[in-house]
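Peer 1: Sequence and computational prediction follow.
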Amino acid sequence: MSDNQDRTSRRPTRRGSAESGIGTRERGQRKAGNKNKGIVLGALSAAMLLAAGAGMVSAASIVPAPSGSKTLDMSLADVPAGKATAVCPAPPRLPEGTAAGTDTQFSPISRSAKSFLDAVVLSDAAGSVPGSSLASLGGSAITEIAKPPAAVQTPAPGPPVLSAGVVAQRPAGEVTVLGADPVSGQKAAVAGLMSYTASDGDLRGLAAAPCQQPGNDAWLLGAGTALGRTAVLNISNASGTPATVNLDLYGARGQIQASDSRGLLVSPGTTRSINLAGLAPNEGQLSVHLRSSGGPVAASLQQSVLRGLTAGGVELITPGAAAADSQVMTGVDIQDPAAVKSLADRAGFSDVVPALQITVPGPADAVLDVRLFGPNGQRTLPGGGAVTAKAGSVTQVPLTGVPAGMYTVSATSDVPFAASTRVTRGLKAEDPVDFAWSPSAVRLGSQHVMAVPQGGTRFLSFGVPAGRATVSYTPVTSDGKVHKTETVEIAGGTTSVIGVPEKSDGAAISGYIVSAAGDAAYGALVLGQGEQSGVSVLTIQDGAAGHEKVQVTLGY
(Lines give C-alpha, C1' and ligand atoms only; values in the text may rest on other atoms or scores of the structure.)
Protein backbone atom coordinates (compact mmCIF):
# COMPACT_ATOMS: atom_id res chain seq x y z
CA MET A 1 0.00 0.00 0.00
CA SER A 2 1.33 3.41 -0.83
CA ASP A 3 1.90 6.18 1.68
CA ASN A 4 -0.94 8.22 0.13
CA GLN A 5 -3.37 5.35 0.44
CA ASP A 6 -2.28 4.75 4.09
CA ARG A 7 -2.84 8.37 5.05
CA THR A 8 -6.28 8.30 3.43
CA SER A 9 -7.34 5.22 5.37
CA ARG A 10 -6.27 6.74 8.71
CA ARG A 11 -8.14 10.04 8.09
CA PRO A 12 -10.82 10.49 10.96
CA THR A 13 -14.53 10.28 10.13
CA ARG A 14 -16.78 13.06 11.48
CA ARG A 15 -20.11 11.85 12.98
CA GLY A 16 -23.18 13.48 14.61
CA SER A 17 -25.10 16.62 13.80
CA ALA A 18 -22.53 19.05 15.07
CA GLU A 19 -19.83 17.33 13.24
CA SER A 20 -22.03 17.17 10.16
CA GLY A 21 -22.69 20.95 10.32
CA ILE A 22 -19.05 21.69 10.70
CA GLY A 23 -18.28 19.48 7.68
CA THR A 24 -20.98 21.16 5.63
CA ARG A 25 -19.68 24.66 6.41
CA GLU A 26 -16.14 23.59 5.52
CA ARG A 27 -17.30 22.17 2.20
CA GLY A 28 -19.25 25.37 1.47
CA GLN A 29 -16.23 27.50 2.32
CA ARG A 30 -14.04 25.35 0.08
CA LYS A 31 -16.55 25.70 -2.83
CA ALA A 32 -16.72 29.46 -2.37
CA GLY A 33 -12.94 29.64 -2.17
CA ASN A 34 -12.61 27.57 -5.34
CA LYS A 35 -15.09 29.85 -7.12
CA ASN A 36 -13.25 33.01 -6.06
CA LYS A 37 -9.95 31.40 -6.92
CA GLY A 38 -11.31 30.57 -10.42
CA ILE A 39 -12.37 34.17 -10.93
CA VAL A 40 -8.95 35.40 -9.90
CA LEU A 41 -7.19 32.87 -12.10
CA GLY A 42 -9.43 33.78 -15.04
CA ALA A 43 -8.64 37.46 -14.59
CA LEU A 44 -4.95 36.69 -14.34
CA SER A 45 -5.10 34.51 -17.50
CA ALA A 46 -6.85 37.28 -19.44
CA ALA A 47 -4.31 39.79 -18.21
CA MET A 48 -1.48 37.48 -19.24
CA LEU A 49 -3.00 36.98 -22.74
CA LEU A 50 -3.38 40.72 -23.17
CA ALA A 51 0.17 41.25 -22.04
CA ALA A 52 1.39 38.54 -24.40
CA GLY A 53 -0.52 40.12 -27.28
CA ALA A 54 0.90 43.52 -26.44
CA GLY A 55 4.32 41.94 -26.27
CA MET A 56 3.92 40.42 -29.71
CA VAL A 57 2.78 43.73 -31.18
CA SER A 58 5.69 45.45 -29.50
CA ALA A 59 8.10 42.80 -30.75
CA ALA A 60 6.69 43.09 -34.23
CA SER A 61 7.50 46.78 -34.18
CA ILE A 62 11.08 46.08 -33.09
CA VAL A 63 12.04 42.90 -34.97
CA PRO A 64 12.71 43.43 -38.75
CA ALA A 65 9.74 42.47 -40.89
CA PRO A 66 10.01 39.28 -42.95
CA SER A 67 10.28 39.45 -46.73
CA GLY A 68 6.54 38.83 -47.07
CA SER A 69 6.96 35.99 -49.53
CA LYS A 70 8.76 32.73 -49.84
CA THR A 71 9.79 31.46 -53.26
CA LEU A 72 9.62 27.77 -53.91
CA ASP A 73 11.50 25.83 -56.54
CA MET A 74 10.37 26.51 -60.12
CA SER A 75 8.56 23.75 -61.94
CA LEU A 76 7.57 23.20 -65.55
CA ALA A 77 3.88 23.13 -66.42
CA ASP A 78 2.51 21.69 -69.64
CA VAL A 79 0.87 24.17 -71.99
CA PRO A 80 -1.70 22.80 -74.43
CA ALA A 81 -0.51 23.25 -78.00
CA GLY A 82 -2.31 26.09 -79.73
CA LYS A 83 -3.01 26.97 -83.33
CA ALA A 84 -0.01 28.07 -85.39
CA THR A 85 -0.55 31.47 -87.00
CA ALA A 86 1.68 33.31 -89.47
CA VAL A 87 0.82 36.68 -91.02
CA CYS A 88 1.95 37.22 -94.62
CA PRO A 89 2.38 40.91 -95.62
CA ALA A 90 0.69 42.57 -98.55
CA PRO A 91 2.73 43.34 -101.69
CA PRO A 92 4.44 46.76 -101.93
CA ARG A 93 2.23 49.65 -103.02
CA LEU A 94 2.83 53.33 -103.72
CA PRO A 95 1.85 55.53 -100.74
CA GLU A 96 -0.25 58.63 -101.21
CA GLY A 97 -2.29 61.03 -99.09
CA THR A 98 0.29 61.49 -96.34
CA ALA A 99 -0.41 65.09 -95.39
CA ALA A 100 -0.56 64.28 -91.69
CA GLY A 101 2.54 62.13 -91.92
CA THR A 102 0.96 59.14 -90.22
CA ASP A 103 -1.76 56.95 -91.73
CA THR A 104 -1.47 56.60 -95.48
CA GLN A 105 -3.39 55.28 -98.47
CA PHE A 106 -2.03 53.59 -101.56
CA SER A 107 -2.27 53.77 -105.34
CA PRO A 108 -1.52 51.18 -108.04
CA ILE A 109 2.13 50.38 -108.68
CA SER A 110 2.88 49.12 -112.18
CA ARG A 111 1.56 47.04 -115.05
CA SER A 112 4.19 44.32 -114.67
CA ALA A 113 3.99 43.78 -110.91
CA LYS A 114 3.41 40.18 -109.81
CA SER A 115 2.98 38.91 -106.28
CA PHE A 116 2.79 35.30 -105.10
CA LEU A 117 2.33 33.44 -101.86
CA ASP A 118 4.07 30.13 -101.09
CA ALA A 119 3.40 28.12 -97.94
CA VAL A 120 4.42 24.80 -96.36
CA VAL A 121 2.64 22.98 -93.51
CA LEU A 122 4.65 20.02 -92.20
CA SER A 123 3.08 16.77 -90.99
CA ASP A 124 3.78 14.95 -87.74
CA ALA A 125 6.12 11.95 -87.55
CA ALA A 126 3.33 9.64 -88.74
CA GLY A 127 2.65 11.69 -91.87
CA SER A 128 -0.57 13.39 -90.69
CA VAL A 129 -0.79 16.93 -92.07
CA PRO A 130 -2.68 19.18 -89.62
CA GLY A 131 -5.84 20.94 -90.62
CA SER A 132 -4.65 24.19 -92.20
CA SER A 133 -5.84 27.02 -94.41
CA LEU A 134 -5.26 30.52 -95.75
CA ALA A 135 -7.60 33.31 -94.71
CA SER A 136 -7.87 37.05 -95.04
CA LEU A 137 -6.80 39.23 -92.14
CA GLY A 138 -10.46 39.76 -91.33
CA GLY A 139 -11.02 36.00 -91.06
CA SER A 140 -12.66 35.20 -94.41
CA ALA A 141 -11.58 31.82 -95.80
CA ILE A 142 -9.38 31.89 -98.91
CA THR A 143 -8.35 28.28 -99.45
CA GLU A 144 -7.96 25.06 -97.51
CA ILE A 145 -4.48 23.55 -97.44
CA ALA A 146 -5.30 20.30 -95.62
CA LYS A 147 -8.34 18.85 -93.89
CA PRO A 148 -7.99 17.87 -90.22
CA PRO A 149 -6.88 14.21 -89.95
CA ALA A 150 -9.68 11.80 -89.11
CA ALA A 151 -7.64 10.16 -86.34
CA VAL A 152 -4.23 10.55 -84.77
CA GLN A 153 -1.88 7.92 -86.16
CA THR A 154 0.88 6.24 -84.19
CA PRO A 155 4.30 6.64 -85.83
CA ALA A 156 5.75 3.40 -87.14
CA PRO A 157 9.12 2.26 -85.79
CA GLY A 158 12.06 3.81 -87.57
CA PRO A 159 12.64 7.24 -89.15
CA PRO A 160 9.70 9.67 -89.33
CA VAL A 161 7.48 9.48 -92.39
CA LEU A 162 6.97 13.15 -93.27
CA SER A 163 4.72 14.82 -95.78
CA ALA A 164 3.47 18.38 -96.22
CA GLY A 165 0.57 20.53 -97.26
CA VAL A 166 1.82 23.03 -99.86
CA VAL A 167 0.58 26.22 -101.47
CA ALA A 168 2.68 27.07 -104.53
CA GLN A 169 2.70 30.42 -106.33
CA ARG A 170 -0.78 31.53 -105.35
CA PRO A 171 -1.44 35.14 -106.48
CA ALA A 172 -1.31 37.51 -103.51
CA GLY A 173 -2.96 40.91 -103.13
CA GLU A 174 -3.62 41.61 -99.47
CA VAL A 175 -2.45 40.59 -96.02
CA THR A 176 -3.00 36.84 -95.63
CA VAL A 177 -3.07 34.67 -92.52
CA LEU A 178 -1.66 31.14 -92.60
CA GLY A 179 -3.16 28.96 -89.86
CA ALA A 180 -2.70 25.33 -88.81
CA ASP A 181 -4.22 23.29 -86.00
CA PRO A 182 -2.02 21.45 -83.48
CA VAL A 183 -1.23 17.85 -84.39
CA SER A 184 -0.24 14.96 -82.08
CA GLY A 185 -0.32 17.34 -79.12
CA GLN A 186 2.26 19.65 -80.68
CA LYS A 187 2.13 23.00 -82.40
CA ALA A 188 2.25 22.65 -86.18
CA ALA A 189 5.38 23.59 -88.12
CA VAL A 190 4.41 26.12 -90.82
CA ALA A 191 6.17 28.61 -93.06
CA GLY A 192 5.04 31.07 -95.69
CA LEU A 193 6.58 33.66 -97.97
CA MET A 194 5.23 36.56 -100.06
CA SER A 195 7.33 37.48 -103.11
CA TYR A 196 6.94 40.49 -105.41
CA THR A 197 8.59 41.45 -108.70
CA ALA A 198 8.13 44.44 -111.03
CA SER A 199 10.08 45.51 -114.10
CA ASP A 200 8.59 49.00 -114.43
CA GLY A 201 7.27 51.79 -112.24
CA ASP A 202 8.67 53.47 -109.16
CA LEU A 203 8.66 50.19 -107.21
CA ARG A 204 10.74 48.26 -109.70
CA GLY A 205 12.72 45.39 -108.22
CA LEU A 206 12.34 42.27 -106.11
CA ALA A 207 10.90 42.20 -102.61
CA ALA A 208 10.10 39.20 -100.45
CA ALA A 209 9.14 38.68 -96.82
CA PRO A 210 8.42 35.63 -94.68
CA CYS A 211 5.06 35.18 -93.02
CA GLN A 212 5.72 35.93 -89.36
CA GLN A 213 4.29 34.79 -86.07
CA PRO A 214 2.65 37.78 -84.33
CA GLY A 215 4.39 39.17 -81.26
CA ASN A 216 4.55 42.17 -78.94
CA ASP A 217 8.14 43.31 -79.52
CA ALA A 218 10.00 43.80 -82.80
CA TRP A 219 13.10 45.55 -84.17
CA LEU A 220 13.09 46.79 -87.79
CA LEU A 221 16.32 48.28 -89.13
CA GLY A 222 17.10 49.79 -92.52
CA ALA A 223 14.49 52.51 -92.97
CA GLY A 224 15.22 55.89 -94.52
CA THR A 225 13.18 59.07 -95.08
CA ALA A 226 15.75 61.28 -96.82
CA LEU A 227 15.15 62.75 -100.29
CA GLY A 228 13.86 60.04 -102.62
CA ARG A 229 13.47 57.49 -99.80
CA THR A 230 10.04 56.32 -98.64
CA ALA A 231 9.44 54.15 -95.58
CA VAL A 232 5.95 52.84 -94.73
CA LEU A 233 5.43 50.78 -91.59
CA ASN A 234 2.59 48.24 -91.87
CA ILE A 235 1.20 46.81 -88.61
CA SER A 236 -1.32 43.94 -88.85
CA ASN A 237 -3.44 42.56 -86.02
CA ALA A 238 -4.70 39.03 -86.73
CA SER A 239 -5.97 38.48 -83.18
CA GLY A 240 -9.38 39.20 -81.70
CA THR A 241 -7.96 41.73 -79.23
CA PRO A 242 -7.18 45.40 -79.99
CA ALA A 243 -3.49 46.27 -79.94
CA THR A 244 -1.96 49.51 -78.71
CA VAL A 245 1.43 50.14 -80.35
CA ASN A 246 4.29 52.39 -79.27
CA LEU A 247 7.22 53.16 -81.56
CA ASP A 248 10.74 54.06 -80.45
CA LEU A 249 12.57 55.76 -83.33
CA TYR A 250 16.37 56.00 -83.59
CA GLY A 251 18.39 58.05 -86.06
CA ALA A 252 22.05 58.80 -86.68
CA ARG A 253 21.87 61.78 -84.27
CA GLY A 254 20.07 59.97 -81.46
CA GLN A 255 16.59 58.95 -80.43
CA ILE A 256 13.79 60.82 -82.17
CA GLN A 257 10.91 62.20 -80.14
CA ALA A 258 7.63 62.04 -82.07
CA SER A 259 4.33 62.60 -80.29
CA ASP A 260 2.36 60.64 -82.89
CA SER A 261 4.44 57.50 -82.29
CA ARG A 262 2.61 56.57 -79.06
CA GLY A 263 -0.71 54.89 -78.42
CA LEU A 264 -1.35 53.77 -81.99
CA LEU A 265 -4.51 51.64 -81.99
CA VAL A 266 -4.66 48.65 -84.35
CA SER A 267 -8.11 47.08 -84.31
CA PRO A 268 -8.59 43.30 -84.66
CA GLY A 269 -8.48 42.07 -88.26
CA THR A 270 -6.96 45.31 -89.63
CA THR A 271 -3.66 46.74 -90.86
CA ARG A 272 -2.47 50.21 -89.96
CA SER A 273 0.00 51.85 -92.38
CA ILE A 274 2.20 54.71 -91.19
CA ASN A 275 4.47 56.83 -93.37
CA LEU A 276 7.56 57.29 -91.21
CA ALA A 277 8.45 60.58 -92.95
CA GLY A 278 5.70 62.17 -90.88
CA LEU A 279 7.34 61.01 -87.65
CA ALA A 280 11.03 61.26 -88.54
CA PRO A 281 11.65 63.34 -91.69
CA ASN A 282 14.99 63.55 -93.53
CA GLU A 283 16.58 60.59 -91.76
CA GLY A 284 19.08 58.66 -93.84
CA GLN A 285 19.38 55.92 -91.21
CA LEU A 286 16.29 55.05 -89.20
CA SER A 287 15.53 52.14 -86.87
CA VAL A 288 12.15 51.27 -85.35
CA HIS A 289 11.56 49.44 -82.08
CA LEU A 290 7.91 48.42 -81.99
CA ARG A 291 6.17 47.35 -78.79
CA SER A 292 2.50 46.49 -78.46
CA SER A 293 0.15 45.78 -75.58
CA GLY A 294 -3.05 43.83 -75.97
CA GLY A 295 -3.15 41.75 -79.13
CA PRO A 296 0.11 40.57 -80.74
CA VAL A 297 0.92 42.11 -84.12
CA ALA A 298 2.97 41.41 -87.23
CA ALA A 299 5.02 44.30 -88.65
CA SER A 300 6.88 44.90 -91.90
CA LEU A 301 8.50 47.99 -93.32
CA GLN A 302 8.13 48.84 -97.01
CA GLN A 303 11.26 50.74 -98.03
CA SER A 304 11.74 52.16 -101.53
CA VAL A 305 14.22 54.46 -103.27
CA LEU A 306 13.69 56.78 -106.25
CA ARG A 307 16.67 58.69 -107.71
CA GLY A 308 15.08 61.32 -109.88
CA LEU A 309 13.16 59.29 -112.45
CA THR A 310 15.15 56.10 -111.91
CA ALA A 311 13.94 53.41 -109.55
CA GLY A 312 16.46 52.64 -106.83
CA GLY A 313 14.91 49.48 -105.43
CA VAL A 314 12.22 48.21 -103.08
CA GLU A 315 12.22 45.87 -100.12
CA LEU A 316 9.96 44.56 -97.36
CA ILE A 317 11.99 44.74 -94.15
CA THR A 318 10.93 42.27 -91.46
CA PRO A 319 12.01 42.00 -87.81
CA GLY A 320 15.32 40.47 -86.85
CA ALA A 321 16.51 39.05 -83.54
CA ALA A 322 15.96 41.07 -80.37
CA ALA A 323 18.68 43.38 -79.07
CA ALA A 324 21.55 41.34 -77.59
CA ASP A 325 25.32 41.49 -77.12
CA SER A 326 25.90 39.23 -80.15
CA GLN A 327 24.28 39.33 -83.60
CA VAL A 328 24.86 37.28 -86.76
CA MET A 329 23.64 38.00 -90.30
CA THR A 330 24.19 35.68 -93.26
CA GLY A 331 23.29 35.81 -96.95
CA VAL A 332 25.26 39.05 -97.34
CA ASP A 333 26.01 39.04 -101.09
CA ILE A 334 28.71 41.62 -101.91
CA GLN A 335 29.39 42.84 -105.45
CA ASP A 336 32.72 43.83 -107.01
CA PRO A 337 34.18 46.46 -104.63
CA ALA A 338 35.78 48.63 -107.33
CA ALA A 339 32.53 48.89 -109.31
CA VAL A 340 30.56 49.60 -106.13
CA LYS A 341 32.93 52.42 -105.17
CA SER A 342 32.68 53.97 -108.62
CA LEU A 343 28.89 53.99 -108.43
CA ALA A 344 28.81 55.24 -104.81
CA ASP A 345 30.93 58.28 -105.76
CA ARG A 346 28.09 59.59 -107.90
CA ALA A 347 25.57 61.99 -106.36
CA GLY A 348 22.65 60.21 -104.71
CA PHE A 349 24.23 56.75 -104.78
CA SER A 350 26.04 56.66 -101.45
CA ASP A 351 23.66 53.98 -100.14
CA VAL A 352 24.68 51.38 -102.73
CA VAL A 353 27.61 50.45 -100.50
CA PRO A 354 27.00 47.28 -98.47
CA ALA A 355 26.94 48.22 -94.80
CA LEU A 356 26.28 46.93 -91.32
CA GLN A 357 23.78 49.00 -89.37
CA ILE A 358 23.93 49.03 -85.56
CA THR A 359 21.32 50.46 -83.17
CA VAL A 360 22.19 50.77 -79.47
CA PRO A 361 19.03 51.35 -77.40
CA GLY A 362 20.70 51.61 -74.00
CA PRO A 363 22.45 54.53 -72.26
CA ALA A 364 26.02 53.24 -72.82
CA ASP A 365 28.07 53.24 -76.03
CA ALA A 366 28.78 49.86 -77.59
CA VAL A 367 32.31 48.78 -78.44
CA LEU A 368 31.90 46.22 -81.20
CA ASP A 369 34.07 43.55 -82.75
CA VAL A 370 32.82 43.09 -86.34
CA ARG A 371 33.95 40.11 -88.41
CA LEU A 372 33.19 38.97 -91.94
CA PHE A 373 33.33 35.29 -92.96
CA GLY A 374 33.25 34.01 -96.52
CA PRO A 375 33.52 30.53 -98.04
CA ASN A 376 37.31 30.70 -97.61
CA GLY A 377 37.38 32.12 -94.10
CA GLN A 378 37.58 35.53 -92.47
CA ARG A 379 38.07 38.75 -94.45
CA THR A 380 39.69 41.82 -92.96
CA LEU A 381 37.58 44.94 -92.64
CA PRO A 382 38.89 48.52 -92.84
CA GLY A 383 40.02 49.54 -89.38
CA GLY A 384 40.32 45.94 -88.28
CA GLY A 385 36.64 45.58 -87.38
CA ALA A 386 36.74 47.56 -84.10
CA VAL A 387 33.77 49.95 -84.00
CA THR A 388 32.25 52.24 -81.37
CA ALA A 389 28.49 52.76 -81.71
CA LYS A 390 26.92 55.69 -79.86
CA ALA A 391 24.22 55.02 -77.31
CA GLY A 392 20.64 55.73 -78.36
CA SER A 393 21.49 56.14 -82.03
CA VAL A 394 22.16 54.38 -85.35
CA THR A 395 25.72 53.70 -86.51
CA GLN A 396 26.58 52.53 -90.02
CA VAL A 397 29.70 50.47 -90.76
CA PRO A 398 30.56 50.32 -94.52
CA LEU A 399 31.73 46.91 -95.73
CA THR A 400 34.06 48.32 -98.36
CA GLY A 401 37.09 46.74 -99.99
CA VAL A 402 35.80 43.19 -99.50
CA PRO A 403 36.07 40.83 -102.52
CA ALA A 404 32.80 39.84 -104.18
CA GLY A 405 31.06 36.84 -102.71
CA MET A 406 28.55 35.57 -100.13
CA TYR A 407 29.40 36.37 -96.51
CA THR A 408 28.28 36.04 -92.91
CA VAL A 409 28.63 39.11 -90.68
CA SER A 410 29.21 38.63 -86.95
CA ALA A 411 29.19 41.44 -84.37
CA THR A 412 29.74 41.21 -80.61
CA SER A 413 29.72 43.91 -77.95
CA ASP A 414 29.71 44.57 -74.23
CA VAL A 415 26.14 45.98 -74.31
CA PRO A 416 22.96 44.89 -76.15
CA PHE A 417 22.37 46.18 -79.68
CA ALA A 418 20.22 45.43 -82.74
CA ALA A 419 21.76 44.89 -86.16
CA SER A 420 21.05 44.36 -89.85
CA THR A 421 23.20 44.35 -93.00
CA ARG A 422 22.44 46.04 -96.33
CA VAL A 423 22.89 44.12 -99.59
CA THR A 424 22.80 45.85 -102.98
CA ARG A 425 22.51 44.69 -106.58
CA GLY A 426 23.22 46.68 -109.77
CA LEU A 427 26.35 48.60 -110.77
CA LYS A 428 25.26 51.13 -113.43
CA ALA A 429 23.81 54.54 -112.61
CA GLU A 430 21.65 54.59 -115.74
CA ASP A 431 20.02 51.25 -114.85
CA PRO A 432 17.70 50.44 -111.95
CA VAL A 433 19.42 49.03 -108.90
CA ASP A 434 17.92 47.10 -106.01
CA PHE A 435 18.74 46.50 -102.37
CA ALA A 436 17.86 44.17 -99.50
CA TRP A 437 18.46 43.92 -95.76
CA SER A 438 19.67 40.78 -94.01
CA PRO A 439 18.30 41.03 -90.44
CA SER A 440 20.04 39.41 -87.50
CA ALA A 441 19.22 35.69 -87.49
CA VAL A 442 18.30 33.14 -84.84
CA ARG A 443 20.47 30.12 -84.14
CA LEU A 444 19.40 27.07 -86.12
CA GLY A 445 17.98 24.16 -84.12
CA SER A 446 16.42 20.78 -84.79
CA GLN A 447 13.67 21.64 -87.26
CA HIS A 448 12.99 24.83 -89.20
CA VAL A 449 10.51 24.96 -92.07
CA MET A 450 10.95 27.54 -94.81
CA ALA A 451 9.01 28.31 -97.98
CA VAL A 452 10.76 28.99 -101.30
CA PRO A 453 9.28 30.87 -104.29
CA GLN A 454 9.67 29.65 -107.86
CA GLY A 455 11.68 31.34 -110.58
CA GLY A 456 14.80 33.51 -110.48
CA THR A 457 17.95 32.57 -108.61
CA ARG A 458 17.77 31.00 -105.14
CA PHE A 459 20.58 30.22 -102.71
CA LEU A 460 20.78 28.89 -99.17
CA SER A 461 23.49 30.61 -97.12
CA PHE A 462 24.71 29.05 -93.86
CA GLY A 463 27.24 30.73 -91.58
CA VAL A 464 29.12 29.32 -88.58
CA PRO A 465 31.07 31.99 -86.65
CA ALA A 466 33.09 29.58 -84.49
CA GLY A 467 33.62 25.87 -83.89
CA ARG A 468 32.04 23.47 -86.36
CA ALA A 469 28.46 22.61 -87.33
CA THR A 470 26.57 20.10 -89.43
CA VAL A 471 23.59 21.50 -91.33
CA SER A 472 20.99 19.28 -92.98
CA TYR A 473 18.44 20.49 -95.52
CA THR A 474 15.53 18.52 -96.95
CA PRO A 475 13.57 19.72 -100.00
CA VAL A 476 9.77 19.80 -99.97
CA THR A 477 8.13 19.84 -103.39
CA SER A 478 4.85 21.30 -104.60
CA ASP A 479 3.18 17.85 -104.53
CA GLY A 480 3.67 17.65 -100.75
CA LYS A 481 6.49 15.10 -100.83
CA VAL A 482 9.50 15.34 -98.52
CA HIS A 483 12.65 14.21 -100.32
CA LYS A 484 16.13 12.98 -99.45
CA THR A 485 18.06 14.94 -96.83
CA GLU A 486 21.42 16.45 -97.74
CA THR A 487 24.05 17.53 -95.20
CA VAL A 488 26.97 19.92 -95.20
CA GLU A 489 29.84 20.20 -92.73
CA ILE A 490 30.74 23.84 -92.07
CA ALA A 491 33.94 24.90 -90.35
CA GLY A 492 33.89 27.80 -87.94
CA GLY A 493 34.56 31.21 -89.46
CA THR A 494 33.18 30.24 -92.89
CA THR A 495 30.01 30.50 -94.99
CA SER A 496 28.54 27.70 -97.08
CA VAL A 497 26.44 28.57 -100.16
CA ILE A 498 24.07 26.02 -101.69
CA GLY A 499 22.14 26.60 -104.91
CA VAL A 500 18.46 25.66 -104.88
CA PRO A 501 17.52 23.62 -107.98
CA GLU A 502 14.24 24.21 -109.76
CA LYS A 503 12.95 20.68 -109.18
CA SER A 504 13.46 17.51 -107.18
CA ASP A 505 12.30 14.23 -108.75
CA GLY A 506 10.35 16.16 -111.35
CA ALA A 507 8.36 18.40 -108.97
CA ALA A 508 9.02 22.08 -108.24
CA ILE A 509 10.76 22.80 -104.92
CA SER A 510 8.48 24.83 -102.65
CA GLY A 511 10.34 24.68 -99.35
CA TYR A 512 12.98 23.14 -97.11
CA ILE A 513 13.27 21.55 -93.70
CA VAL A 514 16.52 22.75 -92.12
CA SER A 515 18.28 21.41 -89.01
CA ALA A 516 21.69 22.02 -87.45
CA ALA A 517 23.87 20.27 -84.90
CA GLY A 518 27.15 21.21 -83.28
CA ASP A 519 28.20 24.81 -82.73
CA ALA A 520 25.99 27.80 -83.52
CA ALA A 521 24.88 28.01 -87.16
CA TYR A 522 22.69 30.58 -88.93
CA GLY A 523 20.84 30.49 -92.23
CA ALA A 524 19.18 32.65 -94.87
CA LEU A 525 17.53 32.39 -98.28
CA VAL A 526 18.95 34.73 -100.94
CA LEU A 527 16.71 35.50 -103.94
CA GLY A 528 17.62 37.13 -107.26
CA GLN A 529 16.14 37.89 -110.68
CA GLY A 530 18.79 36.37 -112.90
CA GLU A 531 19.97 39.01 -115.37
CA GLN A 532 18.02 41.77 -113.62
CA SER A 533 19.15 43.58 -110.49
CA GLY A 534 16.51 42.32 -108.04
CA VAL A 535 17.66 40.93 -104.68
CA SER A 536 16.05 39.92 -101.38
CA VAL A 537 17.34 38.15 -98.26
CA LEU A 538 15.17 36.21 -95.80
CA THR A 539 16.55 34.74 -92.60
CA ILE A 540 15.36 31.30 -91.53
CA GLN A 541 12.69 31.74 -88.87
CA ASP A 542 12.39 30.06 -85.46
CA GLY A 543 11.22 26.46 -85.53
CA ALA A 544 7.91 25.26 -84.12
CA ALA A 545 7.88 25.07 -80.32
CA GLY A 546 6.47 21.51 -80.36
CA HIS A 547 5.38 20.34 -76.91
CA GLU A 548 5.56 23.53 -74.87
CA LYS A 549 6.26 23.97 -71.18
CA VAL A 550 6.42 27.15 -69.13
CA GLN A 551 8.23 27.81 -65.87
CA VAL A 552 5.87 28.32 -62.95
CA THR A 553 7.08 30.00 -59.75
CA LEU A 554 5.09 29.31 -56.59
CA GLY A 555 5.34 31.50 -53.52
CA TYR A 556 3.48 33.21 -50.68
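Peer 2: On my side now, so go ahead. Please read these numbers as outputs of a predicted model, since none were measured by experiment.
Peer 1: Going by neighbour count, list what's buried in stretch 236-248.
Peer 2: Using 16 or more other CB atoms under 10 Å as the test for burial, stretch 236-248 gives Ser236, Asn237, Ala238, Ser239, Ala243, Val245, Leu247, Asp248. (C-beta placed from N, C-alpha, C; glycine too.)
Peer 1: ok, now stretch 464-483?
Peer 2: In stretch 464-483, counting by 16+ other CB under 10 Å, buried: 464-465, 469, 471-478, 480, 482-483.
Peer 1: Check the spacing between Thr457 and Pro403 real quick.
Peer 2: From Thr457 over to Pro403 the distance is 20 Å, taken as CB to CB, to the nearest Å.
Peer 1: Could you check which of the two has the larger neighbour count?
Peer 2: More crowded of Thr457 and Pro403, by other CB atoms under 10 Å: Thr457, with 14 against 11.
Peer 1: out of the buried residues of stretch 464-483, which one sits closest to Ile317?
Peer 2: Nearest to Ile317, judged by CB to CB, of these is Pro465 at 23.5 Å.
Peer 1: Just give the number of residues close to the residue nearest to Gln153 when sequence neighbours are not counted.
Peer 2: Distances taken as CB to CB, 6 or more residues apart in numbering place Ala126 nearest to Gln153, at 3.9 Å, with adjacent residues excluded. Ala126 has 17 neighbours, counted by other CB under 10 Å.
Peer 1: likewise Ala141?
Peer 2: 9.
Peer 1: Then Ala419?
Peer 2: By the criterion of other CB under 10 Å, Ala419 has 32 neighbours.
Peer 1: Is it correct that it is in contact with Thr359?
Peer 2: Yes - here Ala419 lies in contact with Thr359, judged by CB atoms under 8 Å, at a distance of 7.4 Å.
Peer 1: Find the residues that touch each one of those two.
Peer 2: Taking CB atoms under 8 Å, 6 or more residues apart in numbering as the criterion, Ala419 and Thr359 both touch Leu221.
Peer 1: Excluding chain neighbours, give the residue nearest to Leu247 in space.
Peer 2: Distances taken as CB to CB, 6+ apart put Ser261 closest to Leu247, at 4.0 Å, once the chain neighbours are dropped.
Peer 1: mind listing what that neighbour touches?
Peer 2: By CB under 8 Å, 6+ apart, the residues touching Ser261 are Asn246, Leu247, Asp248, Leu249, Leu279.
Peer 1: Could you measure from it over to Ala524?
Peer 2: To Ala524, Ser261 is 30 Å away according to CB to CB.
Peer 1: what does Val449 give?
Peer 2: For Val449 relative to Ala524 (CB to CB), the value is 15 Å.
Peer 1: right, and Val314 touches Gly201 too?
Peer 2: No - if you go by CB under 8 Å, Val314 and Gly201 don't touch, sitting 9.6 Å apart.
Peer 1: between those two, which one's more packed in?
Peer 2: Val314 (29 against 16).
Peer 1: Quick check: which element contains the more buried one?
Peer 2: Assigned by DSSP states H and E, Val314 belongs to strand 310-317.
Peer 1: moving C-terminal of that strand, what's the next helix or strand?
Peer 2: Following strand 310-317 in sequence, per DSSP H and E, is strand 324-334.
Peer 1: where are the low-confidence patches of this protein?
Peer 2: 1-79, 97-109, 152, 156, 158, 544-556 (pLDDT under 70).
Peer 1: Please name the bridge partners of Ser163.
Peer 2: With DSSP bridges applied, Ser163 shows beta-bridge pairing to Lys481.
Peer 1: Now do it against Arg346, distance only.
Peer 2: 52 Å.
Peer 1: who has more neighbours, the two?
Peer 2: Using other CB under 10 Å, the more surrounded residue of Ser163 and Arg346 is Ser163, with 19 against 11.
Peer 1: State whether Lys341 is indeed within a helix.
Peer 2: Yes - counting by DSSP: H, G, I helix; E, B strand; the rest coil, Lys341 is found in a helix.
Peer 1: can you offset everything so residue one is 55?
Peer 2: In the new numbering, first residue 55, that becomes Lys395.
Peer 1: Run through the residues that contact it.
Peer 2: Val407, Thr454.
Peer 1: if I look at it, how far off is Val456?
Peer 2: For Lys395, the distance to Val456 equals 11 Å [CB to CB].
Peer 1: Any chance of a markdown table for the buried residues of stretch 518-537, columns distance to Gly565 and secondary structure?
Peer 2: Output for these, formatted as a markdown table (distance: CB to CB, whole Å; DSSP: H, G, I helix; E, B strand; the rest coil):
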| residue | distance to Gly565 | secondary structure |
| --- | --- | --- |
| Val518 | 23 | strand |
| Pro519 | 26 | coil |
| Ala523 | 21 | strand |
| Val525 | 16 | strand |
| Ser526 | 14 | strand |
| Tyr527 | 10 | strand |
| Thr528 | 9 | strand |
| Pro529 | 8 | strand |
| Val530 | 4 | strand |
| Thr531 | 8 | strand |
| Ser532 | 9 | coil |
| Gly534 | 10 | coil |
| Val536 | 9 | strand |
| His537 | 11 | coil |
